[in-house]
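K.L.:
attaching a predicted model along with its sequence, questions to come.
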Amino acid sequence: TAIIFEAQDARDIIPRIKYLRPAAGVGERLIYNNVMYTLAAMVGEGITGETWGENLENLLFEPLEMHRTYSGYEAAVEQSNFSFGYAVDSITPARVLPEIIAGRAPAGSIFSSACG
C-alpha cells in the first residue's frame, strides 16, 4: 500500500504517481485507485478546457436534470437542504467534520439530494 499525501491541487499529485507500485499486472485484477480518477478528470479538463466540476455540470448534471447535485463540498454546503453527518460519542450526537478532498475530488466529491 502506498500513501500519497494530500494535495490541495490535483496537479501536485501527478509527479507522485511514479512512486505507486502496481498491485497487479495489467488486466489481472480490477483495482480502484483515487489517484487515477483524479488523473482521468485532468485529462477531461485538458480536452474540454473546462474544470472537472464544469464538465460534470455541463455534460452530466444538466442533461440529466440533476439540479440538486454539486461537485465539491463548498458548493453543496451552501444549499438549504444540505445534510451534515453526525456521530454519537457516548450519548451526545456531534457533527462530523467533512472530508474535503480538493486534490482528489474526482474520486468522491459529488454531493446530491433527491429533495428540492
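P.N.:
Nice, I can see it.
K.L.:
in this structure, what residue spans correspond to strands?
P.N.:
Counting by DSSP state E, the chain has strands at residues 69-71, 86-89, 92-95, 110-112.
K.L.:
can you say which of those strands is packed in most?
P.N.:
Of the strands of the chain, the one with the most neighbours on average (mean count of other Cβ atoms under 10 Å) is strand 69-71, at a mean of 21. Placement of C-beta: from N, CA and C, glycine included.
K.L.:
in its sheet, what does that strand sit against?
P.N.:
The strands beside strand 69-71 in its sheet (DSSP bridges) come out as strand 110-112 (antiparallel).
K.L.:
residue 110 and residue 57 touch, don't they?
P.N.:
No: Residue 110 is beyond contact range of residue 57, at 11.0 Å (criterion: Cβ atoms under 8 Å).
K.L.:
what's the overlap in contacts for these two?
P.N.:
residue 71 (Cβ atoms under 8 Å, 6 or more residues apart in numbering).
K.L.:
what sits against the most far-flung residue of the chain relative to its centre?
P.N.:
Farthest-out residue of the chain from its mean C-alpha position, per Cα atoms, centre = their mean: residue 91, at 31.9 Å. For residue 91, the contact set (Cβ under 8 Å, 6+ apart) is empty.
K.L.:
burial count for the residue nearest to residue 105 when sequence neighbours are not counted?
P.N.:
Excluding its sequence neighbours, the residue lying closest to residue 105 (Cβ to Cβ, 6 or more residues apart in numbering) is residue 72, at 6.0 Å. Residue 72 is flanked by 18 other residues according to other Cβ atoms under 10 Å.
K.L.:
quick one: contacts of whichever helix in the chain runs longest?
P.N.:
Looking across the chain with DSSP state H, the single longest helix is helix 34-48. Under the contact criterion Cβ under 8 Å, 6+ apart, helix 34-48 has outside partners 4, 10-11, 13-14, 16-17, 20, 51-52, 54-55, 103-108.
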